[in-house]
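A.B. asks: starting from these lines, generate the structure:
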Amino acid sequence: MNETPGVSYVMPILNEAEYLETAVNAIWDQDYEGPKELVLALGPSSDATNEVAQRLAAADPRIVLVDNPRGRTPIALNLAIKASSMPVIVRVDAHSEIPPFYTRRGVETLFRVGAHDVGGLMDAKGRNTLQRAIAAAYHSRYGFGGAAYHSGAPEGPSESAYLGIFRREIFDEVGLYDETMWRAQDWELCFRIRSAGYKVWFDPELKVGYYPRDNYKALIEQSYASGTWRGEIARRYPSGKSLRHDIPPMMVFGVTVGLILNLLGPRNSSVRTPLARLALKVTKSIPVLYSGFVLYAGVTGKAKSVKEKLLTATVFPAIHFPWALGYVRGRIFGAQGTVDKGRVK
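C.D. replies: Numbers count the residues shown, from 1 in each chain. Sure, this is the predicted structure:
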């Protein structure tokens, strides 16, 4: 094996004018000696993203542009992979910043452990107070469920991989991204890779800087779409369902019923049997318990200032409630083309 095989970076982009140049510079700053190319799949942006991409491509022949008029991430990835030419494919994101050693370490791990897909840690960051609070929620095991690429884990085999560093031949073996999976396409592809007897690997040394949504509306839209597509995964693949996916819907149900009972329900003394009174008392306490839980999660998390810690506590419901509602919808009705509008201006 060539120790420095050529690498094709593939990047779907949509409304990323503010972030694109920084992400591209991070690629050219890689301390990797092998040949590199970058394929940008241009979605129908409403900002200056495509103009920035065209300017960068005009200045560097290693940048290849492909049009993705439908704007869907799996379609963009497939178009970019088809337009690429190197034996190693590295998926990158315009809202991510890969450290200088990322490619070298990732390619070394890919062949060291005999994997066909390697992913690392989504190291969420923030450029303002709220975005830093959202980033802290991403890092917490109480945010998006404690997946290894969010909150960390020892190096080893993994169910899925964040972004992904691939041997090119794996796409010939198992196919490209499923274009019907508008989200969760990484998990679905990794499922096919694992089902074919190949290895998906998590390497915590591969820390990727990531800038999450920076306002509540965008975060809520993202969380709802994520939950809906996770429900779609559970419908399609029974092994894609986990007990931890049932906890948020149960929590939402409990909090909602508890609030209704506190506002409109009977008083404890009007309920006749002791067991019913206990059940009523417990149910009424769920909203208070949940409030205490998110406050604890915010205060003990990675946020630094008191303001950011308190904001983090308010971020958790913006993740939990829409995700849970989306998951129930996805499980019952399927995703049915649910779109994450969180990046759309």
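A.B. asks: what about residue 305, neighbour count?
C.D. replies: 11 (other Cβ atoms under 10 Å). C-beta coordinates here come from the backbone N, C-alpha and C atoms, glycine included.
A.B. asks: one more: residue 163?
C.D. replies: Residue 163: 25 neighbours (other Cβ under 10 Å).
A.B. asks: name the SS class of it, please.
C.D. replies: Three-state call for residue 163 (DSSP: H, G, I helix; E, B strand; the rest coil): coil.
A.B. asks: can you check residue 303 too?
C.D. replies: Assignment for residue 303 (three-state DSSP): coil.
A.B. asks: that one: what's it in contact with?
C.D. replies: Neighbouring residues of residue 303 by Cβ atoms under 8 Å, 6 or more residues apart in numbering: 132-133, 136, 309, 311-312.
A.B. asks: wait, doesn't residue 219 sit right on residue 134?
C.D. replies: Yes - Residue 219 is within contact range of residue 134, at 6.1 Å (criterion: Cβ atoms under 8 Å).
A.B. asks: which residues are common contacts for the two?
C.D. replies: The contact sets of residue 219 and residue 134 overlap at 212-213, 315 (Cβ under 8 Å, 6+ apart).
A.B. asks: just the ones of the residues you listed in strands?
C.D. replies: Assigned to strands by DSSP state E, none of the shared contacts of residue 219 and residue 134 qualify.
A.B. asks: of these, which is the most crowded?
C.D. replies: Of the shared contacts of residue 219 and residue 134, with other Cβ under 10 Å as the count, residue 315 tops at 29 neighbours.
A.B. asks: count of neighbours near the closest residue to that one other than its chain neighbours?
C.D. replies: Spatially, and ignoring its direct neighbours in sequence, residue 315 is nearest to residue 137 (4.3 Å; Cβ to Cβ, 6 or more residues apart in numbering). By other Cβ under 10 Å, the residues close to residue 137 number 29.
A.B. asks: now do the SS call for residue 137.
C.D. replies: Put simply, residue 137 is helix when judged by three-state DSSP.
A.B. asks: which stretches in the stretch 101-250 of the chain count as strands?
C.D. replies: Secondary structure of the stretch 101-250 of the chain by DSSP state E, counting those that start in this stretch: the strands cover 117-124, 156-157, 165-167, 200-210.
A.B. asks: ok, back up a step: thought the residue nearest to residue 315 was touching residue 308?
C.D. replies: No - using Cβ under 8 Å, residue 137 is not in contact with residue 308; the gap is 10.4 Å.
A.B. asks: residue contacts, residue 101?
C.D. replies: 30-31.
A.B. asks: list the contacts of residue 60.
C.D. replies: Applying Cβ under 8 Å, 6+ apart, the residues near residue 60 are residue 28.
A.B. asks: could you measure from it over to residue 38?
C.D. replies: Distance, residue 60 to residue 38, using Cβ to Cβ, to the nearest Å: 8 Å.
A.B. asks: in TSV, list the contacts of residue 303 along with neighbour count.
C.D. replies: Formatted as TSV, these follow (neighbours: other Cβ atoms under 10 Å):
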residue	neighbour count
132	22
133	27
136	24
309	19
311	20
312	30
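A.B. asks: now, the most widely separated pair of these?
C.D. replies: 132 and 309 (10.3 Å; Cβ to Cβ).
A.B. asks: what segments of the stretch 51-200 of the chain are helices?
C.D. replies: Under the criterion DSSP state H, counting those that start in this stretch, the stretch 51-200 of the chain carries helices at the ranges 73-83, 102-112, 129-139, 148-151, 169-174, 185-195.
A.B. asks: touching, residue 329 and residue 229? I think so.
C.D. replies: No - counting by Cβ under 8 Å, residue 329 stays clear of residue 229, with 10.3 Å between them.
A.B. asks: between these two, who's got more neighbours?
C.D. replies: Higher neighbour count among residue 329 and residue 229: residue 229, with 24 against 18, using other Cβ under 10 Å.
A.B. asks: distance of the more buried one relative to residue 182?
C.D. replies: Using Cβ to Cβ, residue 229 is found at 7 Å from residue 182.
A.B. asks: need the overlap of contacts for those two.
C.D. replies: With Cβ under 8 Å, 6+ apart as the test, residue 229 and residue 182 both reach 335, 338.
A.B. asks: need the outlier residue of this structure, farthest from its centre.
C.D. replies: Relative to the mean C-alpha coordinate of the chain, counting by Cα atoms, centre = their mean, the farthest residue is residue 272 (48.4 Å).
A.B. asks: how about residue 95: what's its closest non-neighbour residue?
C.D. replies: residue 211 (4.8 Å).
A.B. asks: my guess is that neighbour meets residue 122, correct?
C.D. replies: No - assessed by Cβ under 8 Å, residue 211 is found out of contact with residue 122, at 10.6 Å.
A.B. asks: shared neighbours, those two?
C.D. replies: residue 96.
A.B. asks: between these two, which one's more packed in?
C.D. replies: Between residue 211 and residue 122, residue 122 has the larger neighbour count (other Cβ under 10 Å), namely 26 against 21.
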